[in-house]
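J.: Need the 3D shape of this:
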Amino acid sequence: MADLTQSMNISAAGLKVQGERLRVISENIANAGSTALTPDQEPYRRKLVTFGNVLNRSLGTSLVEVRKVGRDPSEFGLRYQPGHPAADDTGYVKVSNVSTLIEMTDMREAQRSYEANLKVLQAARGMLQRTIDLLR
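T.: Sure, this is the predicted structure:
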């Protein structure tokens, strides 16, 4: 039974990090078309989630966790919009470095990972319940 509860804890950790990843992705998508307010400011910069393993001594296994939510250092896009308050001397406005296509791909991957962890959790719970039923 200890192995089943350990599997459930590992899957729960996976659910937690994928949930955080989905939150960051949704924030990125919401800010995809943003611009700065003035020429000297920067628009929204894409956020990236970094995972890591941490040893859980009570379980005797490694669990995944969110190590940090960092910023994507890639260049901002430029859009020619001379009337915009954030336009520079040449009429270009910096736009967010968020690519909706990349975010949607990341979202799909996070969703599949979340669902896989959920299925493992459900399977372990079912096996544990059947074991308890046998012991009655």
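
J.: can you pull out the strands in the chain?
T.: Per DSSP state E, the chain has strands spanning 47-56, 61-71, 77-80, 92-95. These are given in chain order.

J.: For residue 16, find the nearest of those.
T.: Closest to residue 16 of the strands of the chain is strand 61-71 (C-beta to C-beta; 7.9 Å). From N, CA and C alone the C-beta is placed, and that goes for glycine too.

J.: what does stretch 26-35 rub up against?
T.: 43-44, 46-47, 79, 84, 86, 93-96, 98-100, 103-104, 107 (C-beta atoms under 8 Å, 6 or more residues apart in numbering).

J.: Go ahead and flag the most central residue of this structure.
T.: Centroid check for the chain by C-alpha atoms, centre = their mean gives residue 21 as the closest residue, at 1.3 Å.

J.: That one and residue 108, how far apart?
T.: 12 Å (C-beta to C-beta, to the nearest Å).

J.: rewinding a little: just the ones of the contacts of stretch 26-35 in helices?
T.: Within those, membership in helices is found for 100, 103-104, 107, as judged by DSSP state H.

J.: ok, of these, which one's closest to residue 7?
T.: The closest of those to residue 7 turns out to be residue 107 (C-beta to C-beta; 26.0 Å).

J.: nearest spatial neighbour of the closest one, skipping sequence neighbours?
T.: What sits nearest to residue 107 in space, not counting adjacent residues and going by C-beta to C-beta, 6 or more residues apart in numbering, is residue 25, at 4.8 Å.
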